[in-house]
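Novice: give me a 3D structure for the following:
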Amino acid sequence: MELASQPKLETRTYQATVRSPELDESIKLFHQGTGIGFYEQLPEENQWSNYLDLTYAQKMRFSLVFDPAAEPHSRHAAHPVHTYAAFPGLLNAGGQVPVAAHKISAVTVAPSYRRRGILSRQITADLAYAQQAGFPIAALTASEATIYGRYGFEPATYQSRFTLKCSHGVKLRVQVPGQVIDIDPKQFGAEYAALAVRALEQTFGSVDSTEYDNGFALGRWDTWETLDKPKNLRFAAYYDGAGQLGGFAAYKFGGWDEPKAKLVVQKLVATSDAARFKLFEYLGNHDLVEEVHGQGPVADPLRNVLDNVRDYHVRSIDDVLWLRVLDVAAAFEARGYQRDGRLLLCVNDPMNLISGTYLFDVSDSQAAVSRVVAGNAPASVPTVKLSERDLAGLYLGTVQLDRLLASGRAELEGGGTAGPWLDLFSTACEGFTPHGF
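Specialist: Below you'll find the predicted structure:
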């Protein structure tokens with residue numbers, strides 16, 4: 001256990017690796033504090049074993065901040081005023097192998113302790129820890145959109161929540177080989193785990209599926225809030241023309257009380273567009289069902305293969321994955337590239353984690369990135385000045401250099417001219433993140 005103190009507050013940081021009764025109690029206290037912070041129903045006593053197992057499986061590093069001066073009658077005399085967690089994961093950034101990612105989660109501050117700099121101190125210390133531990137990237141999914149930009153995070157993937165009308169079934173303009181079959185999840189654990197790994201490898205912008213995600217997909221629990229067993233969940237798997245497992249969907253009937261009977265997709269993973277097409281075709285051809293509610297990329301390829309494009313209705317577009325660069329060279333050398341070119345990026349980072357000038361030399365889909373000492377930059381290479389946030393936006397191609405320059409979020413030094421280097425961070429497709437955390 002690490003122990004650090006701030007004026008009037010005490011921070012206790014733990015790593016969920018070697019099990020012990022004392023660590024179990026701290027994990028319980030952490031999840032209770034997180035549940036209260038997110039207005040969730042607290043779990044029943046018989047569910048704690050699941051929470052403990054999942055926390056250890058993630059190798060979670062978590063912090064609890066206490067107020068030793070809290071009034072005896074205050075809840076915070078015994079419970080934390082702040083929770084914060086992170087655990088190791090992977091991100092598909094289009095390179096040959098996934099990138100190690102420091103996944104941040106479960107961040108809460110009690111209402112009466114806000115605006116005291118608690119989160120600033122915690123996230124500053126945690127990002128420094130992650131950088132020293134060798135993580136090129138930090139990642140999170142944000143419940144509020146205005147907090148994490150202050151710490152260098154920028155949205156990197158978005159998703160579309162959509163309604164697929166299917167009162168007369170779903171008709172596709174393409175023939176997708178293979179078949180979809182109903183699945184017994186109790187017999188499908190190993191197959192799903194292997195599929196989730198292959199889906200990560202094939203899905204640009206995806207993070208890895210955790211033990212919680214796997215259990216959620218297979219119906220072991222409904223939500224993190226209580227880990228209760230879900231009701232009426234059904235399961236289907238897609239096998240391609242060669243008999244290879246290529247996709248999986250967990251879904252449930254949404255009831256008759258809505259204006260239209262619907263199926264709701266709880267989890268869908270696929271190793272290809274074809275697998276996803278076939279699964280939605282299967283879902284949309286259930287008897288008596290008039291709508292399927294699902295999620296997908298903003299530029300969803302499913303729309304392009306529908307016989308009636310108006311059957312696809314976007315309900316919302318939401319940010320999903322936020323990224324923060326911790327090691328410019330390691331992160332961008334692990335990324336995939338579509339264009340060759342040379343460019344200097346001058347990064348201004350208020351937290352001073354990655355401030356500096358970096359030379360990008362990209363050829364044959366590989367980048368060599370090196371830090372350049374002031375005064376030693378190659379004279380013939382364009383130099384762009386930008387913030388650490390906008391650098392994070394470039395990582396998965398969410399924004400492009402031309403848009404950053406046009407909007408004033410980046411600056412081209414020395415009156416340089418536009419060139420092919422503007423497309424250096426373009427990607428073959430948009431990123432999509434099927435797993436939250």
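Novice: hey, let's count contacts and neighbours off CA atoms from now on
Specialist: Noted.
Novice: just checking, what packs against whichever helix in the chain runs longest?
Specialist: In the chain, with assignment by DSSP state H, the single longest helix is helix 21-37. Packing contacts for helix 21-37, counted by 3 or more CA pairs under 8 Å, 6 or more residues apart in numbering; DSSP states H and E, involve helix 48-57, strand 61-66, strand 82-91, strand 99-109.
Novice: neighbouring contacts of the second one?
Specialist: Same thing as strand 61-66. Applying CA atoms under 8 Å, 6 or more residues apart in numbering, the contact partners of strand 61-66 are 9-16, 30, 76-87.
Novice: that strand pairs with which strands?
Specialist: According to DSSP bridges, strand 61-66 forms sheet pairs with strand 9-15 (antiparallel), strand 82-91 (antiparallel).
Novice: what do you get for the longest one?
Specialist: When sheet partners are counted by DSSP bridges, strand 99-109 sits next to strand 82-91 (antiparallel), strand 137-140 (parallel).
Novice: out of these, nearest to Arg371?
Specialist: strand 137-140 (17.2 Å; CA to CA).
Novice: contact partners of the closest one?
Specialist: 99-105, 127, 130, 153, 321-327, 331, 437.
Novice: got it, and stretch 366-380?
Specialist: Residues contacting stretch 366-380 (CA under 8 Å, 6+ apart): 328-329, 332-337, 344, 356-362.
Novice: so Thr163 touches Arg315, yeah?
Specialist: Yes - here Thr163 reaches Arg315: they are 6.9 Å apart, a contact under CA atoms under 8 Å.
Novice: more neighbours: which of the two?
Specialist: More neighbours surround Thr163 than the other of Thr163 and Arg315, with 21 against 13 (other CA atoms under 10 Å).
Novice: tell me how far the helix or strand hosting the more buried one lies from the chain's centre.
Specialist: Assigned by DSSP states H and E, Thr163 belongs to strand 158-165. Relative to the centre of its chain, strand 158-165 is centred 18 Å away, using CA atoms, centre = their mean, to the nearest Å.
Novice: right, and the helix or strand after it?
Specialist: Counting by DSSP H and E, what follows strand 158-165 is strand 179-182.
Novice: in the host helix or strand of Leu302, what counts as buried?
Specialist: Secondary structure from DSSP H and E places Leu302 in helix 301-305. Within helix 301-305, the residues scored as buried using 16 or more other CA atoms under 10 Å are 302-303.
Novice: what helices or strands is that helix leaning on?
Specialist: In terms of contacts (3+ CA pairs under 8 Å, 6+ apart), helix 301-305 is packed against helix 273-283.
Novice: which secondary structure elements does the helix it packs on sit against?
Specialist: strand 179-182, strand 233-239, strand 245-253, strand 262-270, helix 301-305.
Novice: can I get those in a markdown table including distance to Val170?
Specialist: Formatted as a markdown table, the helices and strands packed on helix 273-283 follow (distance: least, CA to CA, whole Å):
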| stretch | distance to Val170 |
| --- | --- |
| strand 179-182 | 14 |
| strand 233-239 | 16 |
| strand 245-253 | 16 |
| strand 262-270 | 13 |
| helix 301-305 | 10 |
